[in-house]
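Novice: Predicted structure and sequence below. I'll ask about it afterward.
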Amino acid sequence: MRTLISTAFISLDGVVEAPGGEPGYRNAGWTFKDIEFLPEAFELKAREQEESDAILMGRVSYEAFSPVWPEMAEFARYRTLPKYVVSTTLGEEQLVANWGETSILRSLDEVAALKETEGGPIIVHGSATLNQGLSDAGLIDRYHLLVFPLLLGAGKRLFSATDKDAQKLALVEHEVYRNGVQKQVFDVVR
């Protein structure tokens with residue numbers, strides 16, 4: 001079974017919306033505004049590219065990343081990885097041609113089936129709504145979190161507010177950087 005890894009820039013109060021400056025959110029760009037940039041705090045992101053065998057994302061994140069990421073040197077490895085977009089509305093004709101193999105999955109059952117295939121880890125970027133569904137369905141195996149020392153209030157959150165049984169996590173890696181950012185890697189305990 002393949003490992004499904006959720007990776008996120010997240011505020012201390014759980015917000016994941018518009019970390020890179022995406023339009024339409026009051027605090028857009030919060031990962032770099034008033035936070036000292038430290039390359040070592042982003043080592044996890046480089047490692048994710050090397051260790052991942054596929055990318056999974058929701059439609060909204062695909063539509064945000066696909067016009068930009070294929071041409072970015074920072075994400076060169078992602079050009080070669082298969083990409084899976086979970087969407088009930090995205091059509092094949094809406095997929096970009098310059099970002100390599102991309103498949104549309106229509107349900108979380110299809111994500112569960114993908115996890116059963118041969119291969120290495122699948123990384124989930126962005127995709128707040130998808131992350132909530134994957135978590136609630138018990139499909140996420142690991143979390144890679146870069147927690148920023150900010151309280152953003154309103155905004156899309158990584159975790160749903162669904163009333164459910166507690167889910168235990170095991171901290172497997174952590175580090176605190178001088179700018180206050182914390183790396184937290186958790187395995188989901190089954």
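Specialist: Yep, it's here. Numbers count the residues shown, from 1 in each chain.

Novice: ok, which stretches of this structure are strands?
Specialist: Applying DSSP state E to the chain gives strands spanning 4-11, 54-58, 83-86, 102-105, 122-125, 142-148, 169-176, 182-188.

Novice: Can you list the strands that the third one pairs with?
Specialist: Strand 83-86 has these partner strands in its sheet, going by DSSP bridges: strand 54-58 (parallel), strand 102-105 (parallel).

Novice: what does the longest one rub up against?
Specialist: With contact meaning C-beta atoms under 8 Å, 6 or more residues apart in numbering, strand 54-58 is reached by 2, 4, 65, 78, 81-87, 111, 114, 119-130. Heads up, the C-betas are built off the backbone N, CA and C, glycines and all.

Novice: Restricted to buried residues, select these in PyMOL.
Specialist: The PyMOL selection below is limited to those of these classed as buried (16 or more other C-beta atoms under 10 Å):
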select buried, resi 2+4+65+78+81+83+84+85+86+87+111+114+122+123+124+125+126+127+128+130
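
Novice: Tabulate the strands of the chain in TSV, adding columns for distance to residue 37.
Specialist: Listed next are the strands of the chain as TSV, based on distance: least, C-beta to C-beta, whole Å:
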stretch	distance to residue 37
strand 4-11	13
strand 54-58	24
strand 83-86	28
strand 102-105	31
strand 122-125	20
strand 142-148	12
strand 169-176	16
strand 182-188	15
